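Undergrad: Below is the sequence, then the predicted model.
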Amino acid sequence: MRCGAVERGLGRTAVGSLLAQRNRAADLVVQSYSGADSCVMAKSTRIALLSVAVAVISVLGFVAPSQAAPPGRIDPRPSTAELARKLDELQRRSHGAIEVSAIGKSNQGRPVWSARVGDGPLRVLYVTQQHGDEPLGTVAALEFLREAGVGQSRYQRWLRSQVTVDIVVRANPDGHELNWRYNYAPDAAPEYGEAGKGYDINRYHDPAVAPENNPATEAGLIQRHYAEFQPQIVVDYHMQGRYVDGGGREITASLMWPTNRGVTPSNLELAKQVSVVAQRSMTEGGANVSQYPGGDYQGIARNAYGLRGSVLIELSDMGSQHEQAQIDSALRSMSAIARSAADGSLRMINPAEADAIPPRGEPVPQAAAAGTHSD
Ligand SMILES: [Zn+2]
């Protein structure tokens, strides 16, 4: 990709576990995402929640099978058991700065983890991997936790005193293990999702639906967690297909703020400011960022949690050789959003700069046949 080698700081993950991922990696074949676009139905109901939701969607796909990451590189797809081990290790190494807890269990009984770092007054919520086959935000989150929570540097202590960053790390563990988009609910006939598989979690955040009535279990967990944490900013990390911009250069990530009509102007402004911070930070790492043409439906997290402003960021699925750079790109956005919220620079940004982010262009020809993700 043209986002020249941004692997700075990526060599810290222990690689001892990587060999264990060989078999898992072999299961990761090219997916068909057909039907995804049909999920983006525009339903304009009033949104009742308040927050800044930033959705980061990254498209990672076309994984080369049977290749463990070489030493010094981050395992892009830790198993859910391995993820739990890594979170526990981060918690221990942070000496109290990182708190890991389960916000509930998936339909197959796997814990859905929240990891929280800092205790400052500004509350930021990141959500990763609502779609099980969009994994890279999850490992970027682990790197962010390490960067912000393990250590006692002056910057780290300052950051933690200003912000509380909570991350729902791998919202859809069943979908990850099954390597599909949906949760696990094979007997359901979901309005959004796929019969025989499960629900599309990112269509079930509608604030009009109470968590206890939410048919998509993991979405209900996030709704409850959101209500308890009451973040000012929410960023949702996903992955999309491959696209070019108007000049033919490949898009490495796309982002979008809430587009539901229930979002107030001031909250939309904050969402656009978050979008600009994300775009700038990723661009500094070599990314080529566009707007994301997402839907208005209020069940999408970007909209549902977006009354104070929300942003969606999608990383493009550029193949296995670009995964480390894409992880770093997502990490850059996580770090920059937290830092800019902490030092106040976020609110100094002209939100109109977000409107100047170019639209996403056409699919890369060889990738078009594989279909597209959405939100
Ligand atoms: Zn997604």
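TA: Ah, there it is.

Undergrad: got any ranges where this structure has weak pLDDT?
TA: Residues of the chain meeting the criterion pLDDT under 70: 1-72, 307-310, 367-373.

Undergrad: and if we set it to 50?
TA: 1-54, 56-69, 308-309 (pLDDT under 50).

Undergrad: what does it have sitting close to the ion?
TA: Counting by Cβ under 5 Å from the ion, the chain comes close to the ion at 131, 134, 238. The C-beta positions use only the backbone N, C-alpha and C, and glycine is treated the same way.

Undergrad: which residues does the residue of the stretch 1-150 of the chain found nearest the ion contact?
TA: Closest contact between the stretch 1-150 of the chain and the ion, by Cβ to the ion, is at residue 131 (3.6 Å). By Cβ atoms under 8 Å, 6 or more residues apart in numbering, the contact set of residue 131 is 172, 175, 181, 182, 200, 201, 202, 238, 239, 373.

Undergrad: any idea how far it is from residue 231?
TA: In this view, residue 131 and residue 231 are 21 Å apart by Cβ to Cβ, to the nearest Å.

Undergrad: Same list, the contacts of residue 131, but as a markdown table with neighbour count please.
TA: As requested, the contacts of residue 131 are exported to a markdown table (neighbours: other Cβ atoms under 10 Å):
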| residue | neighbour count |
| --- | --- |
| 172 | 36 |
| 175 | 30 |
| 181 | 27 |
| 182 | 26 |
| 200 | 29 |
| 201 | 30 |
| 202 | 33 |
| 238 | 31 |
| 239 | 27 |
| 373 | 26 |
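
Undergrad: my guess is residue 83 meets residue 113, correct?
TA: Yes. Using Cβ atoms under 8 Å, residue 83 is in contact with residue 113, at 7.3 Å.

Undergrad: So which residues of the stretch 1-150 of the chain form helices?
TA: Ranges of helices within the stretch 1-150 of the chain are 22-26, 80-93, 136-149, based on DSSP state H, counting those that start in this stretch.

Undergrad: for the stretch 201-350 of the chain, same thing?
TA: According to DSSP H, counting those that start in this stretch, the helices that the stretch 201-350 of the chain contains are 217-229, 265-284, 301-304, 323-343.

Undergrad: what about residue 181, which SS state?
TA: coil (DSSP: H, G, I helix; E, B strand; the rest coil).

Undergrad: how close does the closest residue to it other than its chain neighbours sit to residue 235?
TA: Closest residue to residue 181 apart from its sequence neighbours, by Cβ to Cβ, 6 or more residues apart in numbering: residue 131 at 4.5 Å. Distance of residue 131 to residue 235, given as Cβ to Cβ: 15 Å.

Undergrad: list the residues that contact both of residue 83 and residue 113?
TA: With Cβ under 8 Å, 6+ apart as the test, residue 83 and residue 113 both reach 169, 170.

Undergrad: Which one of the contacts of residue 131 is nearest to the ion?
TA: For these, the nearest to the ion is residue 238 (3.2 Å; Cβ to the ion).

Undergrad: The closest one is in contact with residue 127, isn't it?
TA: No. Counting by Cβ under 8 Å, residue 238 does not reach residue 127; the two are 9.3 Å apart.

Undergrad: coming back round to it: any idea which of the helices of the stretch 1-150 of the chain is most buried?
TA: Mean neighbour count, computed with mean count of other Cβ atoms under 10 Å, is highest for helix 136-149 among the helices of the stretch 1-150 of the chain, reaching a mean of 26.

Undergrad: Geometric centre of the protein: which residue is closest?
TA: In the chain, the residue lying closest to the centroid (Cα atoms, centre = their mean) is residue 237, at 1.3 Å.

Undergrad: and that one, how far is that from residue 193?
TA: Distance from residue 237 to residue 193, counting by Cβ to Cβ: 20 Å.

Undergrad: Please enumerate the strands of the stretch 101-250 of the chain.
TA: 111-117, 122-128, 163-169, 193-194, 198-199, 233-240, 243-244, 250-251 (DSSP state E, counting those that start in this stretch).

Undergrad: out of these, deepest packed?
TA: Scoring the strands of the stretch 101-250 of the chain by mean count of other Cβ under 10 Å, the most buried comes out as strand 233-240, with a mean of 32.

Undergrad: Would you give the sheet partners of that strand, along with the direction of each?
TA: strand 52-58 (parallel), strand 122-128 (parallel), strand 311-316 (parallel) (DSSP bridges).

Undergrad: Tell me who's in contact with the residue nearest to residue 334 when sequence neighbours are not counted.
TA: Excluding the flanking residues, the one nearest residue 334 by Cβ to Cβ, 6+ apart is residue 144, at 4.3 Å. Neighbouring residues of residue 144 by Cβ under 8 Å, 6+ apart: 126, 165, 167, 331, 334, 335, 338.

Undergrad: do that again at 7 Å, thanks
TA: Listed by Cβ atoms under 7 Å, 6 or more residues apart in numbering, the contact set of residue 144 reads 331, 334, 335.

Undergrad: try residue 218
TA: Contacts of residue 218 (Cβ under 7 Å, 6+ apart): 106, 112, 171, 172, 183, 201.

Undergrad: If we only consider those, which is nearest to residue 220?
TA: residue 201 (9.5 Å; Cβ to Cβ).

Undergrad: ok, that closest one to residue 184 distance?
TA: The value you get for residue 201 to residue 184, if Cβ to Cβ is used, is 11 Å.
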